[in-house]
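1. Sequence plus the predicted model coming up.
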There are 2 protein chains.
Amino acid sequence: MQSRTPASRTGRPRSAAADTAILAATREALVELGWSKLTLGDVATRAGVAKTTLYRRWAGKNELVVDAVAELFDELELPDRGSLAADIEGVVLQFAAILARPEAKSGLMAVVAEATRDEALRERVRASIVDRQMRLVLEGRARAQCRGELPPEPDPGESARTVDLIFDVVAGAVVHRTLVSGKPADGDWVRSFTRLLLLGLASQPAESGDERA
Amino acid sequence: MQSRTPASRTGRPRSAAADTAILAATREALVELGWSKLTLGDVATRAGVAKTTLYRRWAGKNELVVDAVAELFDELELPDRGSLAADIEGVVLQFAAILARPEAKSGLMAVVAEATRDEALRERVRASIVDRQMRLVLEGRARAQCRGELPPEPDPGESARTVDLIFDVVAGAVVHRTLVSGKPADGDWVRSFTRLLLLGLASQPAESGDERA
DNA sequence: GAGCTTTCGCTACGACCCGTAGCGTAATGC
DNA sequence: GCATTACGCTACGGGTCGTAGCGAAAGCTC
């Protein structure tokens, strides 16, 4: 999570209950106050710990919120629904449901904004949230290839680029729909989006050099 | 911009130079300090105006940054490059170039995050940034339909939904690529993305009710 | 149990920023 | 000239920040 645990050290161990209480209090404060009005003193009071305890474990507001929000995305799964289209729709709907929660909305975007000026924070976001969910894309593609819905990829480099592209398109579209456009990513929208993505994906023999009309 | 101008009133008029100086100073402060460390007092000093002048024109940090960032997107254009693919690639590259600038990165995402908890701010973002650029999608589709690259839309409601979908996919993907994944939206990426989008778009007879594989 | 180590809760502190009020002055229109 | 509004400046109470210092508590090792 936030700090190294160098095996078992001597001395009084850190309270694991405090960690969960602090992260829960952070999400609660995000819901009630939003990012800008959230103060570490308030979070400490909600969690029932001293402010100094909070500062011993997290460097600041950014790092704390990253960890608090990252836990929200751990519940994402990719249930096998029998077809690539159904799998995508399922996971996109899950993703949209998480993003609809107020603690995810205000927390995630604010952290991303701060990360643009903080290399360490950007790496923390990538490790805690992005990379952890990239597995969904990989798993979904592997399934689709087993079913014959997608062709096997020949070039591993091209394969990695395609995964990155899909992840950016899926996550970006849902986030933009939910947070910027402010409209719900409901069943109808997800179906339209999935159709768009699948048709583009089915015949994707693309590489760098290509013809332009 | 930020306040009503009820025709010509009596009294000393507001300095237009102060407006541009303040917005430029805001962008400069965004580059050097980022969102969280930007203070209105600092912006006032940079712009050479009194802090009270700033508060007379903008309600707070959020509204100020929205206006400062919105100006960045006014330079977007849709030059006619002869094909839908080339048009899309051109505008996406322009969009990516703007998003690559540090004042856009930290400012835009922070404002979007704040807007999740502030209905008035969300409306301001939509009016100042989102809707102003939606014209690009409309114009691009109209051109493509004249060229015969896209079928004419029968249902106006479906047509509007498709425009919304495309806008969310394009803007969302570029933003996610640039800000979350932290990788540049360069020529190669834009070509791959455009291919994906076009293939999905070409055969899009979708409506709500549909078959699932 | 004795002793060591680390964490915990608490209090207090200077530093900074916020947003506003009050004042005298400057720039317009009538 | 006069009313009206914007401007620059100063000052203020209120809040948050991040840290330091203290004694007490909770583990581990011997």
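-> Yep, it's here.
2. Backbone torsions only: list them for the residue in chain A positioned nearest to DNA strand C.
-> With Cβ to the nearest atom of the strand, the shortest gap between chain A and DNA strand C falls at A:Gly11, namely 2.1 Å. For the C-beta atoms, the positions are set from N, CA and C on the backbone; glycine is no exception. Note on A:Gly11: its backbone torsions stand at phi 100, psi 180 [degrees, to the nearest 10].
3. per-residue confidence at the nearest residue to A:Trp35 once chain neighbours are set aside?
-> When the adjacent residues along the chain are set aside, A:Trp35 lies closest to A:Ala110, with 3.8 Å between them (Cβ to Cβ, 6 or more residues apart in numbering or on different chains). A:Ala110 carries a pLDDT score of 94 in this model.
4. do you know how far A:Ala110 is from B:Leu38?
-> 14 Å (Cβ to Cβ, to the nearest Å).
5. wait, does whichever strand or helix holds A:Thr194 make contact with chain B?
-> A:Thr194 belongs to helix A:187-202 when assigned by DSSP states H and E. Yes: contact between helix A:187-202 and chain B, assessed by Cβ under 8 Å from any Cβ of the partner chain, occurs at A:188-189, A:191-193, A:195-202.
6. contacting residues for the most centrally placed residue in chain A?
-> When chain A is reduced to its mean C-alpha position, the nearest residue by Cα atoms, centre = their mean turns out to be A:Ile129, at 4.2 Å. By Cβ atoms under 8 Å, 6 or more residues apart in numbering or on different chains, the residues touching A:Ile129 are A:66, A:69-70, A:73, A:108.
7. Just the buried ones from those?
-> A:66, A:69-70, A:73, A:108 (16 or more other Cβ atoms under 10 Å in any protein chain shown).
8. in chain A, what residue is nearest DNA strand D?
-> As assessed by Cβ to the nearest atom of the strand, DNA strand D sits closest to A:Arg12 within chain A, at 3.0 Å.
9. First residue to last residue on stretch A:178-191, what's the distance there?
-> Its start and end residues considered, stretch A:178-191 measures 15 Å (Cα to Cα, to the nearest Å).
10. I meant stretch A:27-47, not that one.
-> The straight-line separation of the ends of stretch A:27-47 (Cα to Cα) is 11 Å.
11. now do stretch A:78-87
-> For stretch A:78-87, by Cα to Cα, the gap between its terminal residues amounts to 7 Å.
12. quick one, helices of chain A?
-> Here chain A has its helices, by DSSP state H, at A:16-33, A:40-47, A:51-57, A:61-70, A:84-99, A:102-115, A:119-125, A:131-147, A:156-175, A:187-202.
13. can I assume the residue nearest to A:Trp35 is in contact with A:Val65?
-> Yes: contact between A:Ala110 and A:Val65 holds when scored by Cβ atoms under 8 Å: they sit 7.0 Å apart.
14. what do the two both touch?
-> Common neighbours of A:Ala110 and A:Val65 are listed as A:Trp35 (criterion: Cβ under 8 Å, 6+ apart).
15. ok, A:Leu64 - contacts?
-> Taking Cβ under 8 Å, 6+ apart, one finds A:2, A:22-23, A:26, A:40, A:43, A:54, A:58 in contact with A:Leu64.
16. Give me the buried entries from the residues you listed.
-> A:22-23, A:26, A:40, A:43, A:54, A:58.
17. since we're on the closest residue to A:Leu84 other than its chain neighbours, how many residues are nearby?
-> Ranked by Cβ to Cβ, 6+ apart and with sequence neighbours excluded, the top spatial neighbour of A:Leu84 is A:Ala144, at 4.1 Å. For A:Ala144, the count of nearby residues is 19 (other Cβ atoms under 10 Å in any protein chain shown).
18. How confident was the prediction at A:Ala144?
-> Reported pLDDT for A:Ala144: 92.
19. Tell me how far it lies from A:Val130.
-> Here the criterion is Cβ to Cβ. By it, A:Ala144 lies 22 Å from A:Val130.
20. pretty sure A:Asp67 is in contact with A:Leu23, am I right?
-> Yes: counting by Cβ under 8 Å, a contact exists between A:Asp67 and A:Leu23, whose distance comes to 6.1 Å.
21. ok, the nearest residue to A:Ile22 once chain neighbours are set aside - how many residues close by?
-> The spatial neighbour of A:Ile22 that comes closest, neighbours along the chain excluded (Cβ to Cβ, 6+ apart), is A:Ala47 at 4.5 Å. A:Ala47 has 22 neighbouring residues, counting by other Cβ under 10 Å.
22. A:Ala47: what's it in contact with?
-> Residues touching A:Ala47, when contacts are defined by Cβ under 8 Å, 6+ apart, comprise A:18, A:21-22, A:24-25, A:54.
23. buried set for stretch A:26-42?
-> For stretch A:26-42, burial by neighbour count (16+ other Cβ under 10 Å) applies to A:26-31, A:34-36, A:38, A:40, A:42.
24. Among the residues you listed, which ones lie close to DNA strand D?
-> Applying Cβ under 7 Å from any atom of the strand, the subset of the buried residues of stretch A:26-42 adjacent to DNA strand D comprises A:40, A:42.
25. Pull out the buried residues from the least confident helix or strand in chain A by mean pLDDT.
-> Across the helices and strands of chain A, the lowest-confidence element by mean pLDDT, DSSP states H and E is helix A:187-202, at a mean of 88. For helix A:187-202, a neighbour-count test (16+ other Cβ under 10 Å) marks A:189-201 as buried.
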